[in-house]
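Chemist: predicted structure and sequence below. I'll ask about it afterward.
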Amino acid sequence: MTKTELIDEIAERADVTKKRARELVDGTFDAMKRSLMDEERIEIRGFGSFSIREYDARMARNPKTGELLHVGPRKSVHFNVGKELKHRVDTLNTYDD
């Protein structure tokens, strides 16, 4: 689903204009971005949580040349799926024996 498709879905479900739905989606994403930039954890019950993970500096290898490179410390966004969503997705799996 793209952002445009999300806006269309919200506009239809909430019976609001697409312009209003876009404002709501943009506002939600902006608030989430600000929280993550402040290194705050975001938890959406039934869906999952977003947090910032810190990674130490390390040595890595360039796969083309084999050359060792120093990779500095970094931070990255991490998503942890919620229990309810994980269960729903698990039901999509079919195990044919």
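Modeler: Structure's in. What do you need? These numbers come from a predicted model, not from an experiment. Numbers count the residues shown, from 1 in each chain.

Chemist: most residues in a single helix of this protein, which one?
Modeler: Longest helix in the chain by number of residues (criterion: DSSP state H): helix 18-37.

Chemist: and the closest residue to residue 61 other than its chain neighbours, what does it touch?
Modeler: By the measure of CB to CB, 6 or more residues apart in numbering, the closest residue to residue 61 outside its immediate chain neighbours is residue 68, 5.9 Å from it. All C-beta spots, glycine's among them, are computed from the backbone N, C-alpha and C. Residue 68 makes contacts with 59-62, as judged by CB atoms under 8 Å, 6 or more residues apart in numbering.

Chemist: burial measure for residue 75, as a count.
Modeler: Burial of residue 75 is recorded as 11 neighbouring residues (other CB atoms under 10 Å).

Chemist: residues in contact with it?
Modeler: For residue 75, the contact set (CB under 8 Å, 6+ apart) comprises 39, 52-55.

Chemist: list the buried residues of stretch 32-47.
Modeler: Neighbour counts over stretch 32-47 (16 or more other CB atoms under 10 Å) mark 36, 42 as buried.

Chemist: hmm, back to that, among the contacts of residue 75, which one has the most neighbours?
Modeler: residue 52 (15 neighbours).

Chemist: any idea how far residue 33 is from that residue?
Modeler: 12 Å (CB to CB, to the nearest Å).

Chemist: what does the model give the residue sitting nearest the centre point of the chain for pLDDT?
Modeler: The geometric centre of the chain, computed from its C-alpha atoms, lies nearest to residue 79 (CA atoms, centre = their mean), at 5.4 Å. Per-residue pLDDT puts residue 79 at 97.

Chemist: how does this protein divide into domains?
Modeler: 1-38, 43-97 (automatic domain parsing).

Chemist: ok, of these, where does mean pLDDT dip lowest?
Modeler: Ranked by mean pLDDT, those end with domain 43-97 in last place, scoring a mean of 92.
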